[in-house]
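Peer 1: sequence and predicted structure are below.
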Protein chains: 2
Amino acid sequence: MTGGAEARDDAIFKRSSCPITNGLNIFGDKWTLLVIRDLMLGKCRYADFISSPENIASNILADRLKRLEAAGLVSRQAYQQKPVRYEYVLTEKGNDLKPILEAISRWGRRHCPGTDVFRPVDRFKLR
Amino acid sequence: MTGGAEARDDAIFKRSSCPITNGLNIFGDKWTLLVIRDLMLGKCRYADFISSPENIASNILADRLKRLEAAGLVSRQAYQQKPVRYEYVLTEKGNDLKPILEAISRWGRRHCPGTDVFRPVDRFKLR
């Protein structure tokens, strides 16, 4: 943890060359991971995310989608003009988070009694 | 997402019966997961965690250790009296987070160029 290689890397990285740290700097908060869960379930519009039982606040949702897009984990496409509205989908980089979400889900099912996985949504039934 | 089963569960759970949500309510922030990483690497004392390159603040560290203990993910044992000082170790429930940390590490190594995993520490060399 205190070797020469890390001292060098830390000059390049802001704080730490640890892949866990650098990953968590992008997606290491609860709301970000819940938006990613929803995207993996097939949700793609603001109203879809807002409807989830965790009741994400609108400003937090907007902030997290913006950060996810800036980090290249999510891309957006307008589905309506005047006012312009967007749909969001995971990029390949975002989809690569799937094993993390699956591992969290397994832990939760094992250690939080009574939890049950959410089923994927049919986005055509959502409209 | 809006079925009857979830409406029932949401009366029992504070907000959501999703295992991901319930897991993240316990460990879903960056500093918590970095303390867990350090515990998995073999660090066990305050000074060990503080020495990590992410420079965790002392009050955040104290808060996260307290929460982890309350959630049953970490147990502590005094190794010194007057003043009393503690060592921390992961419980079985805490050790079960390993696949999550491994998945985050794999994502980071793939998508954050130049990152490199930290090696386990030899706690006897730390003293």
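Peer 2: Arrived safely.
Peer 1: pLDDT weak spots in chain A?
Peer 2: Applying pLDDT under 70 to chain A flags residues A:1-15, A:124, A:126-127.
Peer 1: and the helices in it?
Peer 2: A:4-12, A:19-27, A:30-41, A:46-50, A:58-70, A:92-95, A:98-111, A:123-126 (DSSP state H).
Peer 1: so which of the ones you listed is the most packed in?
Peer 2: For the helices of chain A, the largest average neighbour count (mean count of other Cβ atoms under 10 Å in any protein chain shown) is found in helix A:19-27, namely a mean of 23. No exception for glycine: its C-beta is placed from N, CA and C like everyone else's.
Peer 1: show me what that one is packed against.
Peer 2: Counting contacts by 3 or more Cβ pairs under 8 Å, 6 or more residues apart in numbering or on different chains; DSSP states H and E, helix A:19-27 packs against helix A:30-41, helix B:30-41, helix B:98-111.
Peer 1: using a markdown table, lay out the helices of chain A together with distance to B:Thr115.
Peer 2: As requested, the helices of chain A are exported to a markdown table (distance: least, Cβ to Cβ, whole Å):
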| stretch | distance to B:Thr115 |
| --- | --- |
| helix A:4-12 | 8 |
| helix A:19-27 | 4 |
| helix A:30-41 | 19 |
| helix A:46-50 | 30 |
| helix A:58-70 | 19 |
| helix A:92-95 | 14 |
| helix A:98-111 | 15 |
| helix A:123-126 | 35 |
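Peer 1: next one: the residue nearest to the spatial centre of chain A from chain B, what distance?
Peer 2: Taking Cα atoms, centre = their mean, the centroid of chain A lies closest to A:Ile36, which sits 3.0 Å from it. Computed with Cβ to the nearest Cβ, to the nearest Å, the distance linking A:Ile36 and chain B is 9 Å.
Peer 1: kindly report the same for A:Leu33.
Peer 2: Applying Cβ to the nearest Cβ to A:Leu33 and chain B gives a distance of 6 Å.
Peer 1: for A:Asp38, same thing?
Peer 2: Distance of A:Asp38 to chain B, given as Cβ to the nearest Cβ: 9 Å.
Peer 1: which ones are touching that residue?
Peer 2: Contacts here follow Cβ atoms under 8 Å, 6 or more residues apart in numbering or on different chains; on that basis A:Asp38 touches A:48-49, A:52.
Peer 1: just those residues that are near chain B?
Peer 2: A:Ser52 (Cβ under 8 Å from any Cβ of the partner chain).
Peer 1: return the member of the contacts of A:Asp38 nearest to chain B.
Peer 2: Using Cβ to the nearest Cβ, A:Ser52 comes nearest to chain B of the contacts of A:Asp38, at 6.5 Å.
Peer 1: my read: that closest one touches A:Lys43, true?
Peer 2: Yes. Counting by Cβ atoms under 8 Å, A:Ser52 touches A:Lys43, with 7.5 Å between them.
Peer 1: wait, does stretch A:66-76 contact chain B?
Peer 2: No. Using Cβ under 8 Å from any Cβ, we find that stretch A:66-76 stays clear of chain B, coming within 8.5 Å at best.
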